[in-house]
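> Show me how the following folds:
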Amino acid sequence: MTPPPSRGTSRPAPARVVQVSPLLGLRNLGRGSFDYLPPDHGGDDLCVGSLVVVPFGRRLVDGVVTSLTSSNEVAPSRLKSIVSVGSQSLSTEMMELAEALAGHYLAPLGACFQAVVPTHRLASREGRPGRQVSWVAPIGDVLREGLTSRQSEVLAATPVEGAAVADLCARLHVSRTVVAALVEKGALTATMRSALHLDDEDHSSTATAGPRGLEGSEGGTGLDVAHDLSEEQARVVSALSDDLRLGGARERLLWGATGSGKTEIYLRILSEVLAAGGGGIVLVPEIALTVQLVERMRARLGNTVAVLHSALTPTLRAREFERIYQGRARIVVGARSAVFAPARDLRVIILDEAHDSSYKQDEEPRYDARWVARWLARRHGALLLEGTATPSVESLRPGIEPLEMHTRPTGANAPEVEVIDMRRQGGSGVLAPRAVAALRKTLVAGEQAVVLLNRRGYAAYLMCEECGEVVMCGDCEISLTYHRGSRVLACHHCGRRTAVPVVCPNCSAAALRRGSPGTERVVDELRGMVPQESLFRLDSDVVTSGARVSEILGRFRETTPAVLVGTQMVAKGHDYPLVTLVLVADADTGLYMPDFRAAERTFQLVTQVAGRAGRSQAPGQVLVQTWNPDVPCIRMAVAREGYRFYREELATRGRLGYPPYRELTRIVVSGAREEKVEAGGRHLAGKLRTVLEDVRGPARLPRIRGMGRRQIVVTDVDPERVRLVLERSLNRYRAPYARRGLDIMVDVDPQWFN
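Sure, this is the predicted structure:
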């Protein structure tokens, strides 16, 4: 007990302490914050949520103020001071969301703040001028004599208020030399402007450039008008409109067959929200779909639509964020991270392809955008609409009544589906003779075909015919994939690349045989059948950006006849009327992965890609090659027995204790020394078993990037209790494990187990 101060003395004034969470994704920091003193100057405006720069170890890092206190127990001499305070701060909602993310996903608080804080608003970024763009404007009344016809056209098209040179050149298809000549002749003035503060109309083409081709779009017109709704669509719009009018947080599942016009439903609901003065967020699982959807939405809803995704330049991303923040853009379209956009008066959140695992982030914080969307919908009393042709099993849990659409508004019939049993009908190549014949017929008719093989590269592995050795990555216990185009073996986990050995590196007695063909092999087989200019490939080896995806899909759409070969990218959301044939080259890919969702994902992939065929009046055909035609998920996908598949899958999940009946949490212990990883995994699993009922593992995982790994999976009907136990365990064991060279990673509601 501290004795009272003696008469005549005064207690020192309590020190003002600022708690700051550094914006770092380090797991060992947990949910803690660190004490600092206010800055020597400029700290009067400090508040909870202020963005600051603080010393952390030997470097300066950005941080967020989490609390302000006064304490007699802290000696000011022991604390460092905040270096600088930014002019921006996080809203109460974003503070609460970051805290909720950290609590639900057991993620570092700093990593969660990183997710919600836009980079351009960080305190360390203030004062930087940002990217500058060339800007030209006409000089009042000027003489037009001496101008070429092209120069006169550019001058006439330049707005009075001016335009960015890059946009002017792109819109009029002229080079910068034409604009420079007008400046030299005194017809235009040239200045530099910050790209961040351009008007809404400027650079819109940069964010949306790409081909058309999303579900239900009007191909190539550049306009999008509301069409008469089918009976099914009208029923769905009416139900959703009632939800909007009644208000309050509501969740709806729109189960619409491929080609049933879900995008038109989205547009109708967004129009209604805008008319009422509200805002909305539309999420898609991949950037390629973002680029296409924005074009169509802007054609219908105007420039109140903003786009956010990681492929945008930092300046354009910052500019779009500011448009949203200021309320100039009311509808946000983007990939996973767009769920954190500060949309004004949020009334609706739409998740397109809601079943897709891409909504789950695979690095800290390991959040699921679907969970964040539910949190926001409840916070704002908004409507959450999940649209998909193949719902996740979790979304069809008992008690959920989806809004269903089964027919295509165009009147097109569902394609005819045929199974090719590769045990009896397979040939010497990747495609069976029956598939090759169907492909030739499609090309002769001047139509388009899509070939799906969800495996990239030329061959998934190289194997010695003499000793059976498979060439493995030196840092990962994973086979190296052969890429014939670049003539290398590549690891798809760590990125390691090596030359292809002439003979087996193990026995030196024989050449290596290629196994499990990929998209590159399919393209190689088709070269003798399909002209080079009509053959397109879409996988992560050829796609380097959203613009690259748009370029490939745009050229494919405009080419007839044509064949598009790709991985699962080709199965999502695209609408190409001339595609009459879809070939699934290997429906078994991924079927026997050690994952309880393997059957579900196979069913979804076959169903989704089958929906790309026959979307206009021309009849469609789908050929599914498989070595296991009697596997239930493939059989039911081909027979369109969705109800039966989900009913049986739910029964299996309930029997085995998997979601949606129980929540899973995945824990991975990793380290460089295998014996320490093994001991650490067993010790942690043993401790967890003393307080939790169902702890599975530890199971050995393949080494990745030189690190041994052990996986523990916890299941429980009371997920909050599991999180409480795990948080206590992490606080207790993470530091001593780190001293032994071990890391503990936690993934709540994991989508992958490898």
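> and the longest helix anywhere in the chain, how far out from the chain's middle?
Using DSSP state H, we find that the single longest helix of the chain is helix 719-739. Centroid separation for helix 719-739 versus its chain: 29 Å, with C-alpha atoms, centre = their mean, to the nearest Å.
> Put the alpha carbons of it into CSV.
What follows is helix 719-739, C-alpha atoms only, in CSV (Å, rounded to 0.1, in the frame of the first residue of the first chain):
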residue,chain,number,x,y,z
PRO,A,719,-17.0,-21.7,-31.1
GLU,A,720,-16.8,-18.8,-28.6
ARG,A,721,-15.5,-21.2,-25.9
VAL,A,722,-12.9,-22.5,-28.4
ARG,A,723,-11.7,-19.0,-29.1
LEU,A,724,-11.4,-18.2,-25.4
VAL,A,725,-9.4,-21.4,-24.8
LEU,A,726,-7.1,-20.8,-27.8
GLU,A,727,-6.5,-17.2,-27.0
ARG,A,728,-5.3,-18.2,-23.5
SER,A,729,-3.2,-20.9,-24.9
LEU,A,730,-1.6,-18.6,-27.5
ASN,A,731,-0.8,-16.0,-24.8
ARG,A,732,0.8,-18.8,-22.7
TYR,A,733,2.8,-20.7,-25.3
ARG,A,734,3.6,-18.4,-28.2
ALA,A,735,6.6,-16.7,-26.5
PRO,A,736,8.2,-19.9,-25.2
TYR,A,737,7.6,-21.6,-28.6
ALA,A,738,9.2,-18.7,-30.4
ARG,A,739,12.3,-19.0,-28.2
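> Outside of the following helix or strand past it itself, list whatever touches it.
The C-terminal neighbour of helix 719-739 among helices and strands, as given by DSSP states H and E, is strand 742-748. Here strand 742-748 makes contact (C-beta atoms under 8 Å, 6 or more residues apart in numbering) with 27, 104-107, 366, 663, 665-671, 676-677, 680, 684, 719, 723, 726, 730, 733-734, 737. All C-beta atoms are positioned from the backbone trio N, CA, C, and that covers glycine.
> switch to 7 Å and redo it
Strand 742-748 has contacts (C-beta atoms under 7 Å, 6 or more residues apart in numbering) with 27, 104-106, 366, 665-671, 676-677, 680, 726, 730, 733-734, 737.
> which ones among those residues are found in strands?
Mapping the contacts of strand 742-748 onto strands (DSSP state E) picks out 665-671.
> Out of those, grab the one that's most surrounded.
Each of these was scored for neighbours by other C-beta atoms under 10 Å, and Val669 scores highest at 28 neighbours.
> Could I get the pLDDT score of that residue?
Val669 carries a pLDDT value of 96.
> likewise Arg682?
Per-residue confidence for Arg682 comes out at a pLDDT of 96.
> Leaving out chain neighbours, which residue sits closest to it?
Pro698 (6.1 Å; C-beta to C-beta, 6 or more residues apart in numbering).
> element containing the one you found, please.
Pro698 belongs to strand 694-704, assigned by DSSP H and E.
> and if you look at Gly248?
Using DSSP H and E, Gly248 falls within no helix or strand.
> Distance of the residue lying closest to it once chain neighbours are set aside relative to Val282?
Leaving aside its chain neighbours, Gly248 sits nearest to Gly381 (5.1 Å; criterion: C-beta to C-beta, 6+ apart). Applying C-beta to C-beta, to the nearest Å, the value for Gly381 to Val282 is 19 Å.
> worst-scoring helix or strand of the chain, pLDDT-wise?
Here the helix or strand of the chain ranked lowest by mean pLDDT, DSSP states H and E is helix 204-208, holding a mean of 44.
> Give me the mean pLDDT for the next helix or strand after that helix.
Sequence order places helix 231-246 as the next helix or strand after helix 204-208, per DSSP H and E. Helix 231-246 carries an average pLDDT of 93.
> what's the answer for stretch 98-109, then?
Averaged over stretch 98-109, pLDDT sits at 95.
> Dump it to CSV, restricted to CA.
Taking C-alpha atoms only, stretch 98-109 is exported to CSV below (Å, rounded to 0.1, in the frame of the first residue of the first chain):
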residue,chain,number,x,y,z
ALA,A,98,-10.7,-4.2,-36.4
GLU,A,99,-11.2,-5.3,-32.8
ALA,A,100,-14.0,-7.7,-33.9
LEU,A,101,-11.7,-9.2,-36.5
ALA,A,102,-8.9,-9.7,-34.0
GLY,A,103,-11.3,-11.4,-31.6
HIS,A,104,-13.1,-13.7,-34.0
TYR,A,105,-10.0,-14.8,-36.0
LEU,A,106,-7.5,-14.6,-33.2
ALA,A,107,-5.4,-12.4,-35.4
PRO,A,108,-2.8,-9.7,-34.4
LEU,A,109,-4.7,-6.4,-33.8
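> Show me how far it is from its chain's centre.
20 Å.
> try stretch 455-472
With C-alpha atoms, centre = their mean, you get 31 Å for stretch 455-472.
> Buried residues in it, which are they?
455-464, 466, 469, 471-472 (16 or more other C-beta atoms under 10 Å).
> Taking the residues you listed together, which two end up most distant?
The largest separation in the buried residues of stretch 455-472, counting by C-beta to C-beta, is between Arg456 and Glu466 at 27.8 Å.
> where do the strands sit along the stretch 1-150 of the chain?
Listed in chain order, the strands of the stretch 1-150 of the chain (DSSP state E, counting those that start in this stretch) span 15-22, 34-36, 50-56, 59-71, 84-89, 132-138.
> Give me the spatial nearest neighbour of Arg370, chain neighbours excluded.
In space, and not counting its chain neighbours, Arg370 is closest to Tyr359: 5.3 Å by C-beta to C-beta, 6+ apart.
> For the one you found, grab the count of nearby residues.
By the criterion of other C-beta under 10 Å, Tyr359 has 23 neighbours.
> State the distance from it to Val677.
In terms of C-beta to C-beta, Tyr359 sits 30 Å off from Val677.
> Next: Tyr661.
For Tyr661, the distance to Val677 (C-beta to C-beta) stands at 31 Å.
> which one of those two has more residues nearby?
For Tyr661 versus Val677, the count of surrounding residues by other C-beta under 10 Å is larger for Val677: 26 against 16.
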